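**Q** predicted model follows, preceded by the sequence.
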Amino acid sequence: MSILRARYFDGQRSIGHDVSVILGSGALKLVGRDIDLHFDSRQVRVAPRVADAPRWIYLPGGGACALEDNDVVDALAREGRFARFLHRLESRPAYAALALALVVAALWVLIDRGVPAAAEQVALRIPPATESVLGRETLAALDRYWMKPSTLPAMRRAALSARFHLMAEAARDLPPHRLVFRSSPRIGPNAFALPAGTIVITDQLVALAHSDSEVLAVLAHELGHVAHRHVMRRLLQGSATALIIAGVTGDITSTTSLAASAPVLLLQAKYSRDYEREADRYGIALLRKAHIPPRSFALILERLQAAATARHRGGVPGFLASHPSTEEREALAREAATH
Amino acid sequence: MAEGESASSERTLRPEFTGSGAEYFRVWVVNLLFSLLTLGIYSAWAKVRKKKYLYGCTRLDGDSFDYFARPEAILKGRIVAVLAFAAYALVGELYPESRFAFWGAAAIAAPWVIVRSLIFNARNSAWRGLRFHFNGTPGEAARVFLGLLAVTAVTLGLAYPWFVARSKRFVLEHHALGSSRFGCELSTPAFFWLYLRALLMQIGLLLPAGALAFLGVWALRSHESLSVLAIALPALAVYAVYAVVYGYLQARTANLMWNGSYGPGLRFSSTIEAKKLIRIYFGNIVAVIFSAGLMIPWAVVRTLKYRLSCLAVVLEQEVVHEADPGFARVGATGQELGDFFNLDLGL
């Protein structure tokens, strides 16, 4: 038998009573001034322990007791093994440090491996046609503000298209795709894959390339984005990381959580670089299948880099960049060329 | 004589927080780990545990608060909220026009979400063995939140302070401890003056902050990572100004709200200093960024401690509150939807 000091509330009136809790075999007694209550201890529920916050005991009939001495309650309450384990983890700084290390590791695995792998699996199961509305609207918006119709001769466009489709045939299982030509002095020499497999190439890029192979090398890279469903995966990964960040930073006011969401930008940049690497590898493999020298990719990357440097001074630091460094990408292409 | 007696019988209760940031950190990190390992399922249990700690360590007149929501209810709510979020994020992105349908649905659901969220939280909280209650209705929430928001939009934002005052009052006056209803009388002109001062403050701060950011970019114009700095510096300046004005408004609206609130035999008093709250927010932002989020528990406890230390309950007479016999259980879906879509009710 043991006696504990507690505050008793009857659940009807906001009056606290100082009582002694007497625990006997199968019975719980509360004794205080004007209080003498008996309960069957099987009907009494003890709240799980959370650190050293006061411990609540819920009594049949709506009353409750708050106890301050958690250790004594622990000795008496038959708590589940998980509850005891949880409290042990929460109560020692060394375990908290271990939990912290595991949180960092779990977050890293989740963000670096789990989210991309899950997004890929899901994306491959969503038909590409779901992107068509978004694809149409994105192209229309670009046409309205950034791009003009191509000024390349129709013959030239037809020839490039023919070679593009010949190359794409070398790849099997490509989702639907199409090539469109546009002129855009504002965007400059560039090509990009829009939702639903639309690949846009600018006249400025065609002009920059010294051979058709170089143009095709860029298009092979863009087909890599289409084949790997990067548009859909970007959407999926964006939502998944937003959920994770919301889960981690859940309980702070909005100003601070805005600060905590800065990592979202870094993550998006990281995922974007991963997509580029994947598209590079795909493009180089496709070039070899279509018997186009992978060296063309290194050459056009070099020219694009030179053109970009001439257009803007400076750049962004590596961790914010949307693409891997040109040196890294050229090395990949040159290595492929020598094999 | 009678007056002297009533003045001397007034008793001021100050809530205090008896936990610590270190202790809360340990609870937070262990529960975060389990949430991650179970891919979010455990997060419902984690939420209850964290709230139980924060409520349990908050004491008023010597007795602590209690929070006892059922994690299963929260988990169910979270599943609905995650599905709604995923649908919004994916369908909204793929079919941009569907956003309008989502916003329409959100506007219709908002009053229900707000009310259910307040009810769930109130009924699962207690002090001295008495549960809190919230008895506002979705219809009234629609009038306050949708109706007044529409008025705010029509008046190009001029009515916004009025909207803030009305929504704070709505939240407070429908709360009760047991059967003791709280009340709230707010002076609308005070809210207009407050927002006018905040607006002037924002303009007054943006000018020097913008000039400073411009000077920074100018001084670094030959530096090679200029393109990043050219965006980052002004953004940082705007963000800092935003944080200052946000802190100021938080402090002053909390004071106005609590000073206008009362219950049977008691009234509240709040004396948050805007300067101190802003300093706390800045400390939190810097700490959270430089610790990659690890200092969040510390920031939570620090802010809670300060806010509680500024709040007082003035008892004009000793009143015994009684339980409200009409009690029914509610689900947590409304609350979780509100949390996910960032409905900040700011109490």
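**A** Here it is on my side, so go on.

**Q** okay, now the unreliable bits of chain B?
**A** When residues are selected by pLDDT under 70, those of chain B lie in B:1-8, B:221-229, B:326-332, B:334, B:337-347.

**Q** got a list of what the residue of the stretch 101-250 of chain B found nearest chain A touches?
**A** Chain A sits closest to B:Gly129 of the stretch 101-250 of chain B, with a gap of 2.6 Å, by CB to the nearest CB. (C-beta placed from N, C-alpha, C; glycine too.) By CB atoms under 8 Å, 6 or more residues apart in numbering or on different chains, the contact list for B:Gly129 reads A:Phe9, A:Asp10, A:Gly11, A:Ser14, A:Gly62, A:Gly63, A:Ala64.

**Q** once you drop chain neighbours, what's closest to it?
**A** Leaving aside its sequence neighbours, B:Gly129 sits nearest to A:Phe9 (CB to CB, 6 or more residues apart in numbering or on different chains; 2.6 Å).

**Q** does the one you found have beta-bridge partners, and which?
**A** A:Ala64 (DSSP bridges).

**Q** distance-wise, check it relative to A:Ile35.
**A** Distance of A:Phe9 to A:Ile35, computed by CB to CB, to the nearest Å: 11 Å.

**Q** and the two? which has more neighbours close in?
**A** The residue with more neighbours, out of A:Phe9 and A:Ile35, is A:Phe9; 24 against 14, by other CB atoms under 10 Å in any protein chain shown.

**Q** ok, the residue nearest to B:Gly129 touching A:Asp18?
**A** No - using CB atoms under 8 Å, A:Phe9 makes no contact with A:Asp18, being 11.4 Å away.

**Q** dump the C-alpha coordinates for stretch B:279-288 into CSV.
**A** Below are the C-alpha coordinates for stretch B:279-288, written out as CSV (Å, rounded to 0.1, in the frame of the first residue of the first chain):
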residue,chain,number,x,y,z
ARG,B,279,12.9,40.7,-30.4
ILE,B,280,11.7,37.2,-29.5
TYR,B,281,10.5,36.6,-33.1
PHE,B,282,13.8,37.7,-34.6
GLY,B,283,15.7,35.5,-32.2
ASN,B,284,13.4,32.6,-33.2
ILE,B,285,13.9,33.2,-36.9
VAL,B,286,17.7,33.4,-36.7
ALA,B,287,17.8,30.3,-34.3
VAL,B,288,15.5,28.2,-36.5
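
**Q** any bit of it sitting next to chain A?
**A** Yes - using CB under 8 Å from any CB of the partner chain, we find that stretch B:279-288 touches chain A at B:Tyr281, B:Asn284, B:Ile285, B:Val288.

**Q** give me the buried positions along the helix or strand containing the first one.
**A** Okay, so that is B:Tyr281. B:Tyr281 belongs to helix B:274-290 when assigned by DSSP states H and E. Of the residues in helix B:274-290, B:Ala274, B:Leu277, B:Ile278, B:Ile280, B:Tyr281, B:Phe282, B:Gly283, B:Asn284, B:Ile285, B:Ala287, B:Val288 count as buried by neighbour count, 16 or more other CB atoms under 10 Å in any protein chain shown.

**Q** show me what it is packed up against.
**A** Helix B:274-290 is packed against helix A:254-260, helix B:226-259, helix B:296-309, with contacts defined by 3 or more CB pairs under 8 Å, 6 or more residues apart in numbering or on different chains; DSSP states H and E.

**Q** now the last one against helix B:274-290, angle please.
**A** Helix B:296-309 and helix B:274-290 meet at an angle of 170 degrees, taking axes from the mean of the first three to the mean of the last three CA atoms, to 10 degrees as the criterion.
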